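Colleague: Sequence and predicted structure, then a few things I'm wondering about:
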Amino acid sequence: MHVTTQGTRYIAALFVVGLMATFIANASPAASGATARTRPTPRAVTVTGHVQATNGTRALANLAVAIDDQTTSTDADGTFSARIPPASPVRLRLTGGIVPRELSVAAGAAGDVEVDAIPLSSDFDLKFYRQLVRNGFDAPTHLEALRRWKIDPRIYLRTVDDAGTAIDQKTLDSTEATIRETIPMWTAGTLKAFTVERGTEDRVTWDAWITVRWPSVAGPEGICGSADVGRPGGEIRLYYKSPSCSCPAGPQVRPRTVRHEVGHAMGFWHTDSPTDLMAGIGVAGCDQRPSARELAHAAIAYHRPVGNLDPDTDPDSVPVPSATVSPARDVP
């Protein structure tokens, strides 16, 4: 037994030494006489860009284009070209007759880049856009990053108020119908209510849901509702016990208030004119739809990513919006 064990150990040691020698030879090209190879530096690729109006389909000519360390311009068809490293994001900056636009672009082996920008024209009002999209009416010195939904929101309509009292059927039905109708208005038809469910539970903080709640007390004077602005998992609060917030012989919360709060929930803020649904001043009336300028500027916002900064700069990454409450200052 003793001799056999020694022999086994000797053979095992030779095997281990052989493995080590093989490993060293493979790991060291110089030792084996091999020549080390270096990967070639990737070549730049030509990217062709096409720029058109966000609020339309027309090509944008004569824009100054800065991409990486190059400068060029768009031709009559809104086209430009540049050489960039493959698959490497670079910052693209566009100026000249538009709201200055900045975003990241990348390309593979070769490719086209589709870009849109906002022309400075009578169809676009930058001051109003800042009000509607960046809270420029209530906080003009602290403009917000853009907030909006990227998917169809799910709506949870509570059937009782915060104290457990049942909400009447007419008010529930009116609220649901108004929400379904209004979400596509605020999103240029890109989104809708994925589903509307009713019940007594609370789904606040659930991703992809907006919960409609009914406070059990009347709201502050002149306040008919409030909402979290553009926040998945947020809520809309409707003060149904405030007499001034109902329609004559109608639901206990008027459709105008519901549409206004849906506007907040979809990412929009107060504006400066009573002709706007998102007016930040007292407005009477049972129902009202978004104004033409609200619809036009909201459509532009829904062509931008969450986190887009003033005046029109896309982020490299998408932040999560914080919970912000914005009351609707509706008065009878």
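Modeller: Okay, I see it. Numbers count the residues shown, from 1 in each chain.
Colleague: Strands of this structure, start to end?
Modeller: Secondary structure of the chain, counting by DSSP state E: strands at 45-53, 64-67, 70-73, 79-84, 90-95, 101-105, 111-117, 154-158, 195-199, 209-213, 225-228, 235-238, 325-328.
Colleague: mind listing what the fourth one pairs with, with the direction of each?
Modeller: Spelled out, that is strand 79-84. Applying DSSP bridges, strand 79-84 is found paired with strand 45-53 (antiparallel).
Colleague: List the buried residues in the partner strand.
Modeller: Of the residues in strand 45-53, those with enough neighbours to count as buried (16 or more other Cβ atoms under 10 Å) are 45, 47, 49, 50, 51, 52, 53. The C-beta positions use only the backbone N, C-alpha and C, and glycine is treated the same way.
Colleague: What of stretch 147-162?
Modeller: The neighbour-count criterion (16+ other Cβ under 10 Å) identifies 147, 148, 149, 152, 153, 154, 155, 156, 157, 158, 161 as the buried residues of stretch 147-162.
Colleague: Only alpha carbons, please: show stretch 68-84 as PDB.
Modeller: In PDB, the C-alpha atoms belonging to stretch 68-84 read as follows (Å, rounded to 0.1, in the frame of the first residue of the first chain):
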ATOM      1  CA  ASP A  68     -19.200  66.000 -31.300                       C
ATOM      2  CA  ASP A  69     -16.400  68.400 -32.400                       C
ATOM      3  CA  GLN A  70     -18.000  69.100 -35.800                       C
ATOM      4  CA  THR A  71     -20.200  71.800 -37.100                       C
ATOM      5  CA  THR A  72     -22.500  71.700 -40.100                       C
ATOM      6  CA  SER A  73     -26.000  72.800 -41.200                       C
ATOM      7  CA  THR A  74     -29.200  71.300 -42.500                       C
ATOM      8  CA  ASP A  75     -29.900  71.700 -46.200                       C
ATOM      9  CA  ALA A  76     -33.200  72.600 -47.900                       C
ATOM     10  CA  ASP A  77     -34.600  69.100 -47.000                       C
ATOM     11  CA  GLY A  78     -33.600  69.400 -43.300                       C
ATOM     12  CA  THR A  79     -30.700  66.900 -43.900                       C
ATOM     13  CA  PHE A  80     -27.200  67.000 -42.400                       C
ATOM     14  CA  SER A  81     -24.400  64.400 -42.200                       C
ATOM     15  CA  ALA A  82     -21.500  63.900 -39.700                       C
ATOM     16  CA  ARG A  83     -18.800  61.300 -38.800                       C
ATOM     17  CA  ILE A  84     -19.100  59.900 -35.300                       C
END
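Colleague: chain center to that stretch, what's the gap?
Modeller: If you compare the mean C-alpha spot of stretch 68-84 with that of the full chain, they lie 27 Å apart, counting by Cα atoms, centre = their mean, to the nearest Å.
Colleague: so residue 289 touches residue 277, yeah?
Modeller: Yes. Judged on Cβ atoms under 8 Å, residue 289 makes contact with residue 277 at a distance of 6.4 Å.
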